[in-house]
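Enquirer: With the sequence up front, the predicted model follows.
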Amino acid sequence: MPQKLLADWQVYIPSLILALLTYLLLARLVLELVFGAGSPARVVRALVSVTNPVVRAVGAITPRAVPGALLTACAIFWLLTARIALAQLAALMAMLRRGQM
């Protein structure tokens with residue numbers, strides 16, 4: 001395990017960060033559905049403040065036809081897509097190290 005971690009740290013660390021952001025966005029989505037988007041609850045406000053940079057970045061590349069309420073779901077989709085791309089990159093790097101390509 002430590003040898004693999006040292007070999008693939010360029011992929012492993014970003015994948016963990018993307019996983020953390022995905023879980024935070026899922027929690028934000030659930031809490032916004034339960035308490036409402038403009039809720040005064042501290043937990044909701046904390047999650048919104050932590051995940052707002054990701055949602056704003058997705059909002060910048062998402063067409064304006066998508067309602068604001070769906071931006072969090074779009075952000076989750078794009079983060080999961082990025083994790084899949086990282087997994088593919090890790091597989092490619094492993095194949096190149098073994099000389100199979």
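Expert: The structure has been received and is ready for your questions. Values in this document were obtained by computation on a predicted structure and should not be read as measured data. Residues are numbered from 1 along each chain as shown.

Enquirer: so what's residue 93 up against?
Expert: By Cβ atoms under 8 Å, 6 or more residues apart in numbering, the residues touching residue 93 are 8, 11. Glycine gets a C-beta too; all of them are placed from N, C-alpha and C.

Enquirer: To clarify, my last question referred to residue 60.
Expert: Counted by Cβ under 8 Å, 6+ apart, residue 60 has zero contacts.

Enquirer: That one sits in which helix or strand?
Expert: Using DSSP states H and E, residue 60 sits within helix 42-61.

Enquirer: what is the mean pLDDT for the following helix or strand past that helix?
Expert: Downstream of helix 42-61, the first helix or strand assigned by DSSP H and E is helix 71-98. The average pLDDT within helix 71-98 is 91.

Enquirer: Could I get the buried residue list for helix 71-98?
Expert: Across helix 71-98, burial judged by 16 or more other Cβ atoms under 10 Å covers 71-72, 74-76, 78-79, 83, 86, 90.

Enquirer: The helix holding residue 60 to helix 71-98, inter-axis angle?
Expert: 70 degrees (axes from the mean of the first three to the mean of the last three Cα atoms, to 10 degrees).

Enquirer: hang on, the earlier thing: pull the most distant pair out of the buried residues of helix 71-98.
Expert: Using Cβ to Cβ, these span at most 28.7 Å, a distance reached by 71 and 90.

Enquirer: distance of the residue most central in space within the chain from residue 54?
Expert: In the chain, the residue lying closest to the centroid (Cα atoms, centre = their mean) is residue 79, at 3.3 Å. Distance of residue 79 to residue 54, given as Cβ to Cβ, to the nearest Å: 7 Å.

Enquirer: Contacts only, for the residue nearest to the centre of the chain.
Expert: Counting by Cβ under 8 Å, 6+ apart, residue 79 has contacts 18, 21-22, 25, 54.
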